[in-house]
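> 3D model of this:
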Amino acid sequence: MTHLPDVPLRSAIRGILFDFGNVICAFDHGRFLAALAPLCGQSPEALARRIVDSDLPRAYESGEISSQAFLAGVSERCGFDFPEAPFVQAFTDIFTPIPSTFELIGRLKPRYRLGLVSNTNPWHAEHGIRTTSVYPLFDAVALSHEVRAMKPDPRIFATALERIGLPPEACVFIDDIAAFADAASELGIHGLTYTGPQALRDDLARLGVAG
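As a prediction, the model looks like this:
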């Protein structure tokens, strides 16, 4: 749900679960395509049709294919054998920190258990997620390619709850995609749709979360 009723609640919240993309860090696939284009002599628009609009990203994020299989699949679709090192550099250099969320995570850490629930792939996890300064603050991490289930699949939320050691009603989940927040709500988690830092602070305050 995007907004909670404007009713004060006695907080029983003990855990805060965060999505990564466009909640903790913004991302821009255009940067990846623009960096890849000079390597193969194709336009970013053509590469978008061959890569982003294909089933390869979903298969990679769901754990169905390996990093090497993903690279091979992209190379085949683009008709160019991309060297791994420059490809990975271009593929993972898409994230920009959202300072307000970094600050919020730091403020919440002393009082709440924190978790990360993200649809992502091994290279983004290694080079874009685990390298952020806030990653060590998470008590539980559930990544789609490891769990082999992507949001809104209930299994990824169940894994996050198991790892954070809390029941659903004691947790908040924050995602920029309303359907994913709603999926968490259906499991008894307090789902919030991220629309900006002030709205998030207001929604957390209505749940009694001190941040």
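
> And stretch 52-62, what's buried?
Residues 56-57, 59-62 are the ones in stretch 52-62 that count as buried (16 or more other C-beta atoms under 10 Å). For every residue, glycine as well, the C-beta is placed using N, CA and C.

> Go ahead and name everything in contact with that stretch.
Identification of contacts with stretch 52-62 by C-beta atoms under 8 Å, 6 or more residues apart in numbering yields 29, 33, 51, 65, 67, 70, 73-74, 77, 119-122, 144-145, 148-150.

> Domains in this structure, by residue range?
Following automatic domain parsing, one gets these domains for the chain: 15-26+97-206, 29-92.

> from the ones you listed, which stretch is densest packed?
domain 15-26+97-206 (a mean of 19; mean count of other C-beta atoms under 10 Å).

> got the contact list for residue 75?
Going by C-beta under 8 Å, 6+ apart, residue 75 touches 81-82.

> Equivalent analysis for residue 96, please.
Residue 96 touches 25-28, counting by C-beta under 8 Å, 6+ apart.

> If we use 6 Å, what do you get?
residue 26 (C-beta atoms under 6 Å, 6 or more residues apart in numbering).

> I'd assumed it was in a strand, is it?
Yes: assessed with DSSP: H, G, I helix; E, B strand; the rest coil, residue 96 lies in a strand.

> what about it, distance to residue 22?
Taking C-beta to C-beta, to the nearest Å as the measure, residue 96 falls 10 Å from residue 22.

> immediately after the one helix or strand residue 76 maps to, which helix or strand?
If you go by DSSP states H and E, residue 76 is part of helix 67-78. Sequence order places helix 84-92 as the next helix or strand after helix 67-78, per DSSP H and E.

> Please, where are all the strands along this protein?
In the chain, the strands defined using DSSP state E lie at 15-18, 25-27, 95-97, 113-118, 140-143, 171-175, 190-193.

> Many thanks, I have nothing further to ask.
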